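Undergrad: A predicted structure for the sequence below; I have some questions about it.
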Amino acid sequence: MSTELDQRTALVVTISIEEPLWIGADVELQVVSVQGEKVMVRVVAPPEVSVDRASIRARKLAAQSSPALGRRGR
């Protein structure tokens, strides 16, 4: 089974809390806190850049492939 990530290079970096990490010229990522298994991340990006958790992205992709999923009461 192939995924989108198979076609791209992944970069793993180590950064300090609150140290900015830039993606391209317009997206700033910053680790705000780490508590056990939970990491709070701050993302600053232009409005045209979509930033979603995996569960939200999956829901959006499912809605795009099946337009009826997003409709109620029709």
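TA: Everything's here; your move.
Undergrad: show me the shaky parts of the chain.
TA: Across the chain, the ranges flagged by pLDDT under 70 are 1-6, 67-74.
Undergrad: 90 - rerun?
TA: Along the chain, the parts satisfying pLDDT under 90 run over 1-11, 64-74.
Undergrad: tell me where it has strands.
TA: 21-23, 27-35, 38-44 (DSSP state E).
Undergrad: so which of the ones you listed is nearest Ala10?
TA: Judged by CB to CB, the one of the strands of the chain that comes nearest to Ala10 is strand 21-23, at 12.9 Å. Every residue, glycine included, has its C-beta placed from N, CA and C.
Undergrad: sorry, back to before: using CSV, lay out the strands of the chain together with distance to Lys60.
TA: Output for those, formatted as CSV (distance: least, CB to CB, whole Å):
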stretch, distance to Lys60
strand 21-23, 20
strand 27-35, 19
strand 38-44, 17
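Undergrad: so which of those strands gets nearest Ser66?
TA: Proximity to Ser66 (CB to CB) singles out strand 38-44 among the strands of the chain, at 28.1 Å.
Undergrad: quick one, that closest one and strand 27-35 angle?
TA: Angle between the axes of strand 38-44 and strand 27-35 is 160 degrees (criterion: axes from the mean of the first three to the mean of the last three CA atoms, to 10 degrees).
Undergrad: contacts for strand 38-44, please.
TA: The set of residues that contact strand 38-44 without belonging to it, under CB atoms under 8 Å, 6 or more residues apart in numbering, is 27-34, 51.
Undergrad: mind doing that once more with 6 Å?
TA: Applying CB atoms under 6 Å, 6 or more residues apart in numbering, the contact partners of strand 38-44 are 28-33, 51.
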